Structure formats: structure tokens, C-alpha cells
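Asker: From the sequence below, what's the structure:
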Amino acid sequence: MPTYGFTHLWTQGDAMTRVVALLLIAMSIVSWSVILLKAIELGRIHSRAKRGQTRFWDEGGSHDGLDALGRPGTPFFDLASAGQVAMTSLEAGADRHLGRIAIDEWLLRSLRTSVDDTARRLQRGLGLLASIGSTAPFVGLLGTVWGIYHALLSLGANGDASIGRVAGPVGEALIMTALGLCVAIPAVLGYNALARLSRGIVAQLNRFASGLHMLLLTGCVPQAPVNVKERV
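Answerer: Below you'll find the predicted structure:
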């Protein structure tokens with residue numbers, strides 16, 4: 001009596017069975033890599049955000065306060081830099097732009113663009129997780145259907161269709177469905193957790209942009225910037 005399992009399925013399976021198994025393993029490696037890398041990235045941003053913003057406001061938005069937000073390429077640093085660059089460029093061409101564009105609108109547009117760009121960067125990789133989470137069960141099901149088909153053909157050729165001979169190969173083929181679920185479940189859970197963390201960071205960016213807007217226009221440091229997502 002043969003011992004059924006993944007090893008037996010691999011050695012006795014055909015090319016289609018092995019391709020499906022390798023595809024599921026590859027999808028699992030990719031999804032876990034994305035989950036770990038994005039968790040580290042978003043975790044660092046989230047942990048540094050509050051501390052950096054507090055020092056930035058304490059420094060009154062000075063150069064030292066800007067350094068506390070991180071380095072170029074990090075969300076809050078890029079947002080503060082975008083606001084300062086917008087004001088500098090507008091002041092440099094004040095004579096040409098006078099009466100053509102409101103300072104408030106110019107600054108809002110620059111801050112909104114920076115927040116939108118950061119939101120898109122934070123979403124990178126999450127679409128891949130969503131795709132893996134939605135397709136992995138069907139890839140596993142494909143392997144199961146093909147395995148059952150292959151097993152039934154083999155049993156029919158041998159002329160023995162007793163329950164003892166059918167249960168083993170069919171049960172073995174179901175391993176593919178289980179493998180597909182093992183790939184899909186972490187991908188879906190990881191996507192939901194990372195998407196929630198990403199939305200939280202974007203919400204912080206919007207609150208920070210609101211306070212930054214007030215600081216750059218009036219020179220007054222806001223005590224508790226409010227969230228005006230509809231404006232920024």
C-alpha cells in the first residue's frame with residue numbers, strides 16, 4: 001500500500017501537477033517577502049512620525065526640525081520640503097505671479113501633490129498581495145482537479161475502482177487546495193493589516209500638512225493641527 005502525501009504527489013505527478021505546486025510555492029515566497037518588507041517600511045515610518053513631528057513643531061519648522069522628520073525620500077520630510085519649495089519658488093517669482101495665483105491655493109496644491117505621491121508609494125506591493133490572495137485558492141483548485149483527473153485515469157486503466165484505491169489518490173490531490181489556502185490566507189491578512197497601517201500614515205500626513213499649511217502662511221506654529229483631508 002503506497003504512502004500518500006505531498007512527496008508521493010510530487011514524484012508520481014505529471015508536469016502540470018509540479019508546475020502548479022511550484023507556482024504556489026513561488027506565490028507564497030513572494031507574498032511573505034512583500035509582507036515582511038512592507039511591515040518593516042511602514043513600521044519605521046509610523047514609529048518615527050510622532051516623534052519627528054513633535055520636534056519639528058518645537059523647532060518652529062526650522063532646518064533642525066526638518067532633519068527630525070527623516071531624510072529625503074521619507075514621507076514627512078518630503079512633505080515639509082515640498083511646502084518650503086513651493087513657498088520659495090512663489091516668492092522668487094512674486095512679480096510675475098502677482099495677482100495670477102493665490103498663495104493659499106498654490107501651497108495647498110503642492111502639499112496635496114506630495115501627500116498623493118506618498119500614498120501611491122505606500123501602496124506599492126499591496127496590489128500584488130491582493131492578487132495572490134484572490135488567485136491562490138483557484139490555482140490550488142486547478143491542481144486538485146487535475147490531480148483527481150489524473151488519478152481517476154490511472155485507476156480506470158488498472159480496472160480497480162474500489163473505495164480504498166480511490167480515496168488515497170483523491171485525498172492526495174486535495175493537498176493542492178490546502179496549499180492554495182495556505183498561500184492565500186496570509187496574503188489576505190497581510191494585505192488588510194498593511195493597508196490599514198498605510199491609511200493611518202496617510203491620515204497623519206494630512207494632519208501634518210494642515211499644520212504645515214498654517215505655519216508657512218502665517219508663521220505661527222499650530223498647537224494641535226486638525227485633519228482637513230478635504231482641503232489637503
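Asker: residues touching the most centrally placed residue in the chain, list them.
Answerer: Centrality entry for the chain: nearest residue to the mean C-alpha point is residue 126, 3.0 Å, by CA atoms, centre = their mean. With contact set as CB atoms under 8 Å, 6 or more residues apart in numbering, residue 126 has these partners: 34, 38, 191, 194, 195, 198. No exception for glycine: its C-beta is placed from N, CA and C like everyone else's.
Asker: correct me, but the fourth one touches residue 129?
Answerer: In this case it means residue 194. Yes - at 7.3 Å, residue 194 and residue 129 qualify as touching, with contact defined as CB atoms under 8 Å.
Asker: shared neighbours, those two?
Answerer: Shared contacts of residue 194 and residue 129, defined by CB under 8 Å, 6+ apart, comprise residue 35.
Asker: Give the buried residues for stretch 182-197.
Answerer: 183, 184, 186, 187, 188, 190, 191, 194, 195, 197 (16 or more other CB atoms under 10 Å).
Asker: nearest spatial neighbour of the fourth one, skipping sequence neighbours?
Answerer: When you say that, I think you mean residue 187. residue 133 (3.7 Å; CB to CB, 6 or more residues apart in numbering).
Asker: and if you look at the third one?
Answerer: Counting by CB to CB, 6+ apart, residue 186 lies nearest to residue 31, which is 6.3 Å off, once chain neighbours are set aside.
Asker: Surely the one you found and residue 187 touch.
Answerer: Yes - Residue 31 is within contact range of residue 187, at 4.2 Å (criterion: CB under 8 Å).
Asker: Check the contact lists of the two and give me the overlap.
Answerer: Counting by CB under 8 Å, 6+ apart, the residues touching both residue 31 and residue 187 are 129, 132, 133.
Asker: pLDDT below threshold where in the protein?
Answerer: 1-13, 61-64, 91-101, 154-171, 221-232 (pLDDT under 70).
Asker: All the helices of it, residue numbers only.
Answerer: 6-12, 15-58, 63-68, 75-92, 94-97, 103-122, 126-158, 163-173, 175-218 (DSSP state H).
Asker: Please report how far residue 179 lies from residue 19.
Answerer: 13 Å (CB to CB, to the nearest Å).
Asker: quick one: which of the two has more around it?
Answerer: Legend: neighbour count by other CB atoms under 10 Å for residue 179 and residue 19, higher for residue 179 (24 against 14).
Asker: I'd like the distance between the more buried one and residue 71.
Answerer: 42 Å.
Asker: One more: residue 111?
Answerer: 19 Å.
Asker: likewise residue 15?
Answerer: Applying CB to CB to residue 15 and residue 71 gives a distance of 49 Å.
Asker: picking that back up, could you check which of residue 111 and residue 71 has the larger neighbour count?
Answerer: A side-by-side neighbour count of residue 111 and residue 71, using other CB under 10 Å, places residue 111 first with 25 against 8.
Asker: list the contacts for the more buried one?
Answerer: 79, 82, 83, 86, 209, 212, 213, 232 are the contacts of residue 111 under CB under 8 Å, 6+ apart.
Asker: number of nearby residues for the residue nearest to the fourth one when sequence neighbours are not counted?
Answerer: What that stands for is residue 86. If the residues on either side of it in the chain are set aside, residue 86 comes closest to residue 110, at 3.6 Å by CB to CB, 6+ apart. Close neighbours of residue 110, defined as other CB under 10 Å, add up to 23.
Asker: got the contact list for residue 110?
Answerer: Contacts of residue 110 (CB under 8 Å, 6+ apart): 82, 83, 85, 86.
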